[in-house]
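no sequence on this one, just coordinates:
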């Protein structure tokens, strides 16, 4: 705790540190709750700069976004419960600290009496859609230019190219596996259609927005009465297509099985979850252009497809990116995502009809 206290004390805090304990179970950053004898408690995070390599850009994005939200919500009671607030250093206005071991840290005000939910029920799918639609809507007129914290994160053209490069290199000698060939035969016919977003963008028909890019139910804070307080986990907030926030939530939230389910009979697409999320999202995302709304069904297809492409490329490359629990884990993941893709594709008429009437 002594070392962590010295890090906390680099920031402009109110009060003296009393206790620092681990908080949550995040996979990317190390997170701690900092209790003080002052009016505020804090959240200390070590930023994973192996993933977020430009920490200054990352924090500049977050400050631009939270400052814009705070300006729009000025006068709101308990503002710090509705927008995250990051503390500056004592010696400068920077909101991150680099320690002697080249680790990066940040400190934000702890949101009191707040709760997260992990279960994706229709009720919470609606809340998630509402929260992320509102978040995008509030940032649609962000005047500051922000950058990509993970460049090309959801660039389908890049992912398709990486798969073809993996096939050509065949580093792990897996291209002769008939299961790989069968999956590739299902993936490649859809490549042109799934790269539609990048083409529309180049043609000037599709805008990039400020998106969250990690739309999970547990990235929303609720109060004790179940009301939405704010969206959290802002590391991936960056310019993207709205398809990122819409499609990525449904890839996990509306799937009827985990992304690595070996029993493909268990994998399908939950229309109830889809309808709840879409209704919540479209109730807030009034800024959408006709072409964005028209292509939301494509977004639902895109994300299981993109993830299948990424899992299969990693398998062909010898499992160099995703952590695996057994040798064929990435192959199983690919098959599960393609089953989800097929389920979405089968449901497309109903998906399109529902979005059209909201």
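Cool, got the structure. All figures in this text were calculated on a predicted structure; none of them were measured in a lab. Residues are numbered from 1 along each chain as shown.

Of all the helix elements in the protein, which one is longest?
Of all the segments of type helix in the chain, defined by DSSP state H, the longest one is helix 329-357.

Please name every helix or strand in contact with it.
Packing partners of helix 329-357 (3 or more CB pairs under 8 Å, 6 or more residues apart in numbering; DSSP states H and E): helix 178-187, helix 271-284, helix 296-317. Every residue, glycine included, has its C-beta placed from N, CA and C.

Using TSV, lay out those together with mean pLDDT.
TSV is the format used below for the helices and strands packed on helix 329-357 (pLDDT from 0 to 100):
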stretch	mean pLDDT
helix 178-187	98
helix 271-284	98
helix 296-317	98
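
orientation of the longest helix of the chain relative to helix 178-187 in degrees?
Interaxial angle of helix 329-357 relative to helix 178-187 (axes from the mean of the first three to the mean of the last three CA atoms, to 10 degrees): 20 degrees.

Enumerate the positions of helix 329-357 that are buried.
Neighbour counts over helix 329-357 (16 or more other CB atoms under 10 Å) mark 329-345, 347, 351, 354-355 as buried.

Return the set of buried residues in the helix-or-strand element of the chain with minimal mean pLDDT.
The helix or strand of the chain with the lowest confidence, counting by mean pLDDT, DSSP states H and E, is helix 2-8 at a mean of 89. By neighbour count on 16+ other CB under 10 Å, the buried set for helix 2-8 is 4, 7, 8.

any chance of these in JSON lines, plus distance to residue 230?
Shown next, in JSON lines, are those (distance: CB to CB, whole Å):
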{"residue": "4", "distance to residue 230": "25"}
{"residue": "7", "distance to residue 230": "25"}
{"residue": "8", "distance to residue 230": "22"}
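
count of neighbours near the residue nearest to residue 14 when sequence neighbours are not counted?
Distances taken as CB to CB, 6 or more residues apart in numbering place residue 38 nearest to residue 14, at 4.0 Å, with adjacent residues excluded. Neighbourhood size, residue 38 [other CB atoms under 10 Å]: 13.

Do you know the pLDDT at residue 38?
On the pLDDT scale, residue 38 is placed at 93.

Report the separation between it and residue 86.
Distance of residue 38 to residue 86, given as CB to CB, to the nearest Å: 17 Å.

Same check on residue 187?
Between residue 187 and residue 86 the computed distance is 41 Å (CB to CB).

can you map out the strands along the protein?
Per DSSP state E, the chain carries strands over the ranges 17-22, 30-36, 42-47, 97-98, 104-109, 209-211, 220-222, 228-231, 238-240.

can you put those in a markdown table and add distance to residue 80 and mean neighbour count?
Output for the strands of the chain, formatted as a markdown table (distance: least, CB to CB, whole Å; neighbours: other CB atoms under 10 Å):
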| stretch | distance to residue 80 | mean neighbour count |
| --- | --- | --- |
| strand 17-22 | 19 | 14 |
| strand 30-36 | 15 | 18 |
| strand 42-47 | 11 | 22 |
| strand 97-98 | 21 | 18 |
| strand 104-109 | 5 | 21 |
| strand 209-211 | 21 | 23 |
| strand 220-222 | 11 | 22 |
| strand 228-231 | 9 | 21 |
| strand 238-240 | 24 | 21 |
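
Might one say that residue 114 is in contact with residue 228?
No. Shown here, residue 114 and residue 228 do not form a contact pair, counting by CB atoms under 8 Å, at 10.3 Å.

Overlap in contacts, the two.
By CB atoms under 8 Å, 6 or more residues apart in numbering, residue 114 and residue 228 have these common neighbours: 221, 222.
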